[in-house]
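Asks: Predicted model follows, preceded by the sequence.
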Amino acid sequence: MQKEIHEQYEYARRRIKQKKGLYFHSVLFLLGSLFLFIAHKFLNIGVETNWCIWVITIWFFLFILHFIKVYITDRFMNKDWEREQIDRLVALQQKKITQLESHINEESAT
């Protein structure tokens, strides 16, 4: 029982750390995008091209990937999911072993 409580605590702590990182990334993205836009428009850095739009777009894409990892991938593929997959594979292997043993026993009986 104590091990389960500890695992739940560790899972909750890890999820909070992931969400905290995502919130930090979102604030950094907003402030960084604002800075890049200001640097491009008002400080006349690289006026010939729209480089800030490309940088912000790529950064937004990376932010979306981070969001997907935290709220979609890690939410569904957690420790419980891993345990279920391991149990399923072990059961499948046990079934194959049992079938092979019964096949061997049938051959040796004849």
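Replies: Arrived safely, thanks for sending. Residues are numbered from 1 along each chain as shown.
Asks: Next one: S33 from I68, what distance?
Replies: Using CB to CB, to the nearest Å, S33 is found at 19 Å from I68. For every residue, glycine as well, the C-beta is placed using N, CA and C.
Asks: which one of the two has more residues nearby?
Replies: Between S33 and I68, counted using other CB atoms under 10 Å, the more crowded position is S33 (18 against 11).
Asks: Can you name the next helix or strand after the helix or strand hosting the more buried one?
Replies: Using DSSP states H and E, S33 sits in helix 2-41. Using DSSP H and E, the helix or strand that follows helix 2-41 in sequence is helix 51-68.
Asks: Enumerate the positions of that next one that are buried.
Replies: C52, I56, W59, F63, H66 (16 or more other CB atoms under 10 Å).
Asks: Of those residues, just say which sits nearest to K20.
Replies: Nearest to K20 among these, counting by CB to CB, is H66 at 12.2 Å.
Asks: For the closest one, give its distance to E106.
Replies: As judged by CB to CB, H66 and E106 stand 56 Å apart.
Asks: Same question for N78.
Replies: Relative to E106, and taking CB to CB, N78 is found at 43 Å.
Asks: More neighbours: which of the two?
Replies: For N78 versus E106, neighbours defined as other CB under 10 Å are more numerous around N78 (13 against 9).
Asks: Around the residue lying closest to the more buried one once chain neighbours are set aside, count how many other residues there are.
Replies: In this structure, N78 finds its nearest non-sequential neighbour in Y11, 6.6 Å apart by CB to CB, 6 or more residues apart in numbering. Residues near Y11, counting by other CB under 10 Å, number 13.
Asks: right, and Y11 touches W81 too?
Replies: No. Under the criterion of CB atoms under 8 Å, Y11 makes no contact with W81, lying 11.6 Å away.
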